[in-house]
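**Q** The amino acid sequence is not available; the structure is as follows:
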């Protein structure tokens, strides 16, 4: 059974940093592209970014709203995905989901999400 | 960026009703569109991909159609478990974007 479990969320002040993790199991993690998607309270879904697999050099893509502040990485030996978030802003407050991309690049599995609150 | 506009943003329907949700793209995206269902407090769930292909395990009352700039999600006979928010999403280019959502509530 495919499982994605996020962790690392919490309350931080504006300007601070936070690192989220996503532990994957039940599939060959190293084969798949992985994404982060967020959802502000009461709002819709917003794509954050993507890491490709080793075959595609682990290259990354980011939304303009987080580019230069957030970094996505992965450790295939640990079946884990990460989101390093720096210079956090109040507008980064959201539930952050990790999501697996299917072979045809749709989000076929999602984690349960972890809440990040940025507030002074 | 490709904008996805869903309509309506809210609809009230009864069990057994046929429900149609529309997603319009700001430019052509071929058939590179998915639909997700999200229940309150839960992660989204993939329903339809490539505009019209039903994800494994999804009931056949869900169907999708369209290509280019106009897409629809249809629920042929609304069931109690279908009350949720539905999102469209394109994978045509970066950035990936989602529609604003359609909340389906019980009449």
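**A** Cool, got the structure. Bear in mind that the values here come from a model prediction, so they are computed numbers and not experimental data.

**Q** my guess is residue A:111 meets residue B:42, correct?
**A** No: contact status for residue A:111 versus residue B:42: not in contact, 11.0 Å apart, counting by C-beta atoms under 8 Å. Bear in mind the C-beta positions are built from the backbone N, C-alpha and C, glycine included.

**Q** Comparing the two, which residue is more hemmed in?
**A** residue A:111 (23 against 12; other C-beta atoms under 10 Å in any protein chain shown).

**Q** For the residue nearest to the spatial centre of chain A, give me its contacts.
**A** With distances taken as C-alpha atoms, centre = their mean, residue A:36 lies nearest the centre of chain A, 3.0 Å away. Counting by C-beta atoms under 8 Å, 6 or more residues apart in numbering or on different chains, residue A:36 touches A:20, A:22, A:47-50, A:72, A:81, A:83, A:96-99.

**Q** Select from those the one having the most neighbours.
**A** Most surrounded of the contacts of residue A:36: other C-beta under 10 Å gives residue A:98, at 30 neighbours.

**Q** Could you list the residues in contact with the strand or helix carrying that one?
**A** Assigned by DSSP states H and E, residue A:98 falls within strand A:94-101. Strand A:94-101 is contacted from outside by A:2, A:4, A:6, A:9, A:20, A:22, A:24, A:27, A:32-41, A:43, A:46, A:48, A:50, A:81, A:83, A:107-116, B:43-44, using C-beta under 8 Å, 6+ apart.

**Q** Okay, now the sheet partners of that strand, with direction.
**A** Within its sheet, and counting by DSSP bridges, strand A:94-101 is paired with strand A:34-39 (antiparallel), strand A:107-110 (antiparallel), strand A:114-118 (antiparallel).

**Q** That's all I had, so thanks and see you.
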